[in-house]
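could you look at this predicted model? Sequence included:
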Amino acid sequence: PESRFSLIEELASPDPEFAGYSNAVVELFVGQGAKVEYVSLQNLARETWHFASHRARVERDAELDWVAGGFGSKKGKVRIENDLSGQGATSRVTGAYFADGDQHLDYDTLQKHIAPNTTSDFAFKGALRDEATAVWRGMIRVEPDAQKTNAYQENRNLLLSPKAHADSIPGLEIQANDVLCTHGATVSQVDRDQLFYAMARGLTKADAERLILRGFFQDVLDRIELEPVREALGEALEA
């Protein structure tokens, strides 16, 4: 209780051609009035399959600040569940992913509000190139006793090629009658006007796309409190 803890976890492979299997399980318990900062970055080799199950329980007046980054693996499926079990609990999850080639990334998130006066904020952004695919499923679940819940979820996808594909599936399951729950989801191509504007000022198409992507991810990066993590995630996206 009343403590503060930061954990930074990176999953990587010994070499780019490594073929393997990753099965990660993490449970976080945030005691009363405590704050946990948890960072999970997945940058495995392109022939690795990755499955992960991450769950957190946030107690009274506690705070969880979670960052998830996905860049590697051939096929990846990650489940993220946050249980807001104490009154006044807060959870914020920020996700960024980038896939190319024939990569497939899948995220399944659950914001479970159990106690009253709890807050959750999930924001995921992804960019896809070549024939890469992604699926994001989000669910806000509000239990009958969780009055005064304030919950938000969003997923934005930017497609950089005609064959890239993303599915964005937000969901609400509300059993209380005094709540504020909202969600947003978009899948779009690079704005041609933005691309033309940048290229008209001397940038190559690749540099123009890079600039647009940097702007696309900037608000997600701005949510990250830990400066070294913010810089590392920005560098991974740049690469």
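Alright, I've got the coordinates. Residues are numbered from 1 along each chain as shown.

now the helices for the protein?
With DSSP state H, the ranges of helices along the chain come out as 192-199, 205-222, 227-238.

so which helix or strand of this protein has the lowest pLDDT on average?
helix 227-238 (a mean of 83; mean pLDDT, DSSP states H and E).

how far off centre is it?
14 Å (C-alpha atoms, centre = their mean, to the nearest Å).

before we move on, the earlier item: could I get the helices of the chain as JSON lines with distance to Ala146 and mean neighbour count?
Quick note: C-beta positions are derived from backbone N, CA and C, even for glycine. Listed next are those as JSON lines, based on distance: least, C-beta to C-beta, whole Å; neighbours: other C-beta atoms under 10 Å:
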{"stretch": "helix 192-199", "distance to Ala146": "41", "mean neighbour count": "13"}
{"stretch": "helix 205-222", "distance to Ala146": "27", "mean neighbour count": "15"}
{"stretch": "helix 227-238", "distance to Ala146": "30", "mean neighbour count": "15"}
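
out of those helices, which gets nearest to Ala62?
helix 227-238 (20.3 Å; C-beta to C-beta).

output the contacting helices and strands for that closest one.
strand 35-43, strand 63-70, strand 90-99, helix 205-222 (3 or more C-beta pairs under 8 Å, 6 or more residues apart in numbering; DSSP states H and E).

how about 10 Å then?
Judged by 3 or more C-beta pairs under 10 Å, 6 or more residues apart in numbering; DSSP states H and E, helix 227-238 is in contact with strand 4-12, strand 35-43, strand 63-70, strand 90-99, helix 205-222.

rounded mean pLDDT for the third one, please.
The average of the pLDDT scores along strand 63-70 is 94.

shift numbering so it begins at 579
Happy to do that; since the first residue is 579 now, the last one works out to strand 641-648.

compute the inter-axis angle for that strand and strand 613-621.
The directions of strand 641-648 and strand 613-621 differ by 0 degrees, with axes from the mean of the first three to the mean of the last three C-alpha atoms, to 10 degrees as the criterion.

try the last one
For helix 783-800 against strand 613-621, the angle between stretch directions is 160 degrees (the same axes, to 10 degrees).

buried residues in stretch 739-752, which are they?
Ala742, His743, Ala744, Ser746, Pro748, Leu750, Ile752 (16 or more other C-beta atoms under 10 Å).

next one: it to chain centre, how far?
13 Å.

in JSON lines: the buried residues of stretch 739-752, plus pLDDT and distance to Phe649.
Shown next, in JSON lines, are those (pLDDT from 0 to 100; distance: C-beta to C-beta, whole Å):
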{"residue": "Ala742", "pLDDT": "96", "distance to Phe649": "15"}
{"residue": "His743", "pLDDT": "96", "distance to Phe649": "18"}
{"residue": "Ala744", "pLDDT": "97", "distance to Phe649": "16"}
{"residue": "Ser746", "pLDDT": "96", "distance to Phe649": "19"}
{"residue": "Pro748", "pLDDT": "95", "distance to Phe649": "23"}
{"residue": "Leu750", "pLDDT": "96", "distance to Phe649": "30"}
{"residue": "Ile752", "pLDDT": "96", "distance to Phe649": "34"}
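
now distance to Gly812 too, for those residues, in a markdown table please.
As requested, the buried residues of stretch 739-752 are exported to a markdown table (distance: C-beta to C-beta, whole Å):
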| residue | distance to Gly812 |
| --- | --- |
| Ala742 | 22 |
| His743 | 26 |
| Ala744 | 22 |
| Ser746 | 23 |
| Pro748 | 26 |
| Leu750 | 32 |
| Ile752 | 36 |
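
among these, which pair sits farthest apart?
It's Ala742 and Ile752 that sit farthest apart of the buried residues of stretch 739-752, by C-beta to C-beta, at 33.1 Å.
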